[in-house]
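> Have a look; sequence and predicted model below, questions after that.
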Amino acid sequence: MRRIKHRDAVGLSIVSASCLLAGEFSNRDILSLYQRYIVERGTLDDPALLVPVIALIVLGFTTYFGGIFVLLGGLHFSWGRVSRGRFLVGLGIGVSLLGLISRLARGLLEGSFSAILPYSSPFTGVGILLGIASHSLMGQYALLLKKHATRVWRRWRKSRRPSRRSSKM
């Protein structure tokens, strides 16, 4: 049976992805965009226009992609693909952080600090912090694996060396 090493990093990435996705659902921006760009403009009647509009709406929500990348990173890490899992978690956190910064910038451009609150969710911030913790734990585990691999390599090389004694004594 395969053991999962460092379950805490996998658990943190799952909780982080859940928080990032919950932060996006709590904004309720999707409903307003659906109402504004699809229903009111009559895009539902034209399928050729509906697909690009939906693609643009989905691309507008980068935190979703961040949450999905963090979740995939935790999954890859649990499968033993440490470097790929760590890369996906880092990519997800970076994308989510950019999404949060863009929302805060949009809120500041609208005028006051009360305009920022609908754009920033506490779930997103907690998800980013937990993702950073998961990423650092994955890095510590990767260093541990690297040290173990070099130790095994050195042992193998020592065992392959010919003996110094001559066989013709």
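Structure's in. What do you need?
> just checking, what packs against the longest helix along the chain?
Scanning the chain for the longest helix, with DSSP state H as the assignment, gives helix 122-160. If you count contacts as 3 or more CB pairs under 8 Å, 6 or more residues apart in numbering; DSSP states H and E, helix 122-160 packs onto helix 7-27, helix 62-78, helix 82-110. C-beta here means a position set from N, CA and C on the backbone, and glycine is covered the same way.
> what's the neighbour count on the nearest residue to residue 71 once chain neighbours are set aside?
Distance criterion CB to CB, 6 or more residues apart in numbering; nearest residue to residue 71, sequence neighbours excluded, is residue 17 at 3.8 Å. By other CB atoms under 10 Å, 27 other residues sit near residue 17.
> correct me, but residue 17 touches residue 93?
No. Checked against CB atoms under 8 Å, the pair residue 17 and residue 93 is beyond contact range at 10.3 Å.
> For those two, list the residues in contact with both.
Both residue 17 and residue 93 are contacted by 70, 131, under the criterion CB atoms under 8 Å, 6 or more residues apart in numbering.
> ok, back up a step: angle of the longest helix of the chain against helix 82-110?
Interaxial angle, helix 122-160 versus helix 82-110 (axes from the mean of the first three to the mean of the last three CA atoms, to 10 degrees): 160 degrees.
> what comes up buried for helix 122-160?
123-128, 130-135, 137-138, 141-142 (16 or more other CB atoms under 10 Å).
> How about stretch 89-105?
Buried residues in stretch 89-105 (16+ other CB under 10 Å): 89, 90, 91, 92, 93, 95, 96, 97, 99, 100, 103.
> can you list the residues that contact that stretch?
Residues outside stretch 89-105 that contact it (CB under 8 Å, 6+ apart) are 13, 16-17, 20, 61-63, 65-74, 77, 116, 119-120, 124-125, 127-128, 131-132, 134-135, 138.
> Out of the helices and strands packed on helix 122-160, which is the most enclosed?
helix 62-78 (a mean of 24; mean count of other CB atoms under 10 Å).
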